[in-house]
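> Sequence first, then the predicted structure, then my questions.
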Protein chains: 2
Amino acid sequence: MTTAVMNAGFATEANPPHRKPHIDREDIMAAAITLIGPHRSVSTLSLREVARAAGIAPNSFYRHFRDIDELAVALIDRAGGTLRTVIREARNRATNAPSIIRSSIDAFMEQLEAEEQLLHVLLCEGSVGSDAYKQAVDQVLTHFESELHEDLIRLSTEAEAPLHRADLVAKAITRLVFAMGGTALDKGPEEKEAIAEQMMVMVLFLMEGSEAVCKQQTSSNS
Amino acid sequence: MTTAVMNAGFATEANPPHRKPHIDREDIMAAAITLIGPHRSVSTLSLREVARAAGIAPNSFYRHFRDIDELAVALIDRAGGTLRTVIREARNRATNAPSIIRSSIDAFMEQLEAEEQLLHVLLCEGSVGSDAYKQAVDQVLTHFESELHEDLIRLSTEAEAPLHRADLVAKAITRLVFAMGGTALDKGPEEKEAIAEQMMVMVLFLMEGSEAVCKQQTSSNS
DNA sequence: CAATTGTCTATACATGTGTATAATAAGCCC
DNA sequence: GGGCTTATTATACACATGTATAGACAATTG
């Protein structure tokens, strides 16, 4: 095992390094995530700062991302993707409607705890930053909405409890959960728990309300 | 009328100016608002930039605000205040519950059109910036919630249609309207109209849902 | 092993930032 | 008007940022 191999991957203070053999987008994204916190939004990260955190020269950044905005979009997409799969898995484990709501929201909050920094990108800055940035967030939200919409339709037909404007129910739930999640980010665990409870009641209201309006309309149309 | 009087208040290119007789917090806030737009959030404004827009020297800023954050907080408070009075007025003109919802949301959207830049501060950056900043936004939201909460209780007792967890209904409505309003900001007039319609349906769902849950609980408790 | 290519780094520059200091003009009271 | 306080400005400094350029190393070819 040569020293070259030993030095591979980490350039500590000890070795005179001046070189990092391989960098990929992952390293940079990971470094960027560590910088994100309650006081740093991804839209205020500077290229140099990210490069510094990643232990690379500022210019090396350009080999992997054209912009800092491109980095932000990559982070947004990742956050949206992981969050969606986590929730989908939770949803698949549940069966009836109430437990689906509960387990989905629980999964959301757990993921929020596990990858707080990453989700910060999604939840806290929906409308700040470049166009590409905002568009990426919007796309994630829309994706969530349509998935939820399908679920709602499936569930309501199964339960024979039809919904009025299921699309708007999905949109409202998505926006509400994301907004509430954003405020839950810096809070402590017990407060997060309380917020999760609130979310569930709110979602319940939306679904019950949609059902009620549906009933009202069909009865008045008969 | 001396030239000194003539020069008062405006230092154009023409006069050798080098002086501005009096500066207000108002002037600075107004200048900051002009800088805010779809691509500039208040948290990315620089002191120098605001000073430049206000036509004053960078250091003069300090005589009126300690920070740029203090400016931001002042803008947030103002946005919250004006929005609240506008909505309250609209609400006072209406009488029954449905028309209150409609007129409140209409007032919200009109205000959003009229002072788009100012409201941007409130709607688009709830969780980005300094602590003082976030706290100010949160305070405005909470204030809205409690006012709405009172209204809901009053209306529901008048209509003899009690609500379950009226506090959460108020919170959900507030968060939802603000979230939707934030996405409506850069959109065109017809899209704003559509969003307003969506808001009303969502709010209706929340209230009907809360009523429905209330009925369910009282019937099961009897 | 030697040459080449692609990647990372060092240095540098112009620009923008927050703020300290000192000077200057306005407003005001006597 | 003369002197005082206060508000505004000009100049300056140290620092951070994005990026251009050129050089140095690693890996990959032949």
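Perfect, thanks for sending it.
> chain center to the helix ranked longest in chain A: distance?
Secondary structure assigned by DSSP state H gives helix A:189-221 as the longest helix of chain A. Relative to its chain's centre, helix A:189-221 lies at 22 Å (C-alpha atoms, centre = their mean, to the nearest Å).
> Residue A:26: neighbouring residues, count only.
Neighbours of residue A:26 under the rule other C-beta atoms under 10 Å in any protein chain shown: 9. Just so you know, the C-beta spots here come from the backbone N, C-alpha and C atoms, and that holds for glycine as well.
> Same check on residue A:169?
Neighbours of residue A:169 (other C-beta under 10 Å): 27.
> I'd assumed residue A:211 was in contact with it.
No: Residue A:169 lies out of contact with residue A:211 (C-beta atoms under 8 Å); the separation is 9.5 Å.
> Could you tell me whether residue A:129 really is in a strand?
No: counting by DSSP: H, G, I helix; E, B strand; the rest coil, one finds residue A:129 to be coil, located in no strand.
> so what's it up against?
A:42, A:43, A:69, A:72, B:41 (C-beta atoms under 8 Å, 6 or more residues apart in numbering or on different chains).
> need the residues of chain A near DNA strand C, please.
A:11, A:18-23, A:55-60, A:63-64 (C-beta under 7 Å from any atom of the strand).
> Just flag the most distant two among those residues.
Maximum pairwise distance among those (C-beta to C-beta): 19.6 Å, between A:18 and A:64.
> More neighbours: those two, which one.
More crowded of residue A:18 and residue A:64, by other C-beta under 10 Å: residue A:64, with 18 against 7.
> Briefly note if stretch A:38-55 comes near chain B.
Yes: Stretch A:38-55 is in contact with chain B by C-beta under 8 Å from any C-beta of the partner chain, via A:39, A:41, A:43, A:44.
> For that stretch, output the C-alpha coordinates as CSV.
Below are the C-alpha coordinates for stretch A:38-55, written out as CSV (Å, rounded to 0.1, in the frame of the first residue of the first chain):
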residue,chain,number,x,y,z
PRO,A,38,-31.3,27.8,11.1
HIS,A,39,-29.3,30.8,10.2
ARG,A,40,-27.9,29.9,6.8
SER,A,41,-30.2,29.4,3.9
VAL,A,42,-28.9,27.8,0.8
SER,A,43,-29.5,30.9,-1.2
THR,A,44,-27.0,32.8,0.9
LEU,A,45,-24.2,30.3,0.5
SER,A,46,-21.2,31.6,-1.4
LEU,A,47,-19.2,29.6,-3.8
ARG,A,48,-16.0,30.2,-1.8
GLU,A,49,-17.7,29.1,1.4
VAL,A,50,-18.9,25.9,0.0
ALA,A,51,-15.5,25.2,-1.6
ARG,A,52,-13.9,25.9,1.7
ALA,A,53,-16.2,23.5,3.5
ALA,A,54,-15.5,20.9,0.9
GLY,A,55,-11.8,21.4,1.2
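> In that stretch, which residues are buried?
Using 16 or more other C-beta atoms under 10 Å in any protein chain shown as the burial criterion, the residues of stretch A:38-55 that qualify are A:38, A:40, A:41, A:42, A:43, A:44, A:45, A:49, A:50, A:51, A:53, A:54.
> Let me know the closest of those residues to residue A:30.
Closest to residue A:30, out of all of the buried residues of stretch A:38-55 and judged by C-beta to C-beta, is residue A:54, at 7.8 Å.
> Surely that closest one touches residue A:26?
No: between residue A:54 and residue A:26 there is no contact under C-beta under 8 Å: 10.1 Å.
> sorry, back to before: residues bridging contact with residue A:169 and residue A:211, i.e. touching both?
With C-beta under 8 Å, 6+ apart, residue A:169 and residue A:211 have common neighbours residue A:163.
> show me where chain A has helices.
A:3-7, A:25-35, A:47-54, A:68-93, A:97-114, A:116-124, A:131-158, A:166-184, A:189-221.
> between the ones you listed, which gets nearest to residue B:124?
helix A:131-158 (9.5 Å).
> Can you give me the buried ones in that closest one?
Buried residues in helix A:131-158 (16+ other C-beta under 10 Å): A:133-134, A:136-137, A:140-141, A:144-145, A:147-149, A:151-153, A:155-156.
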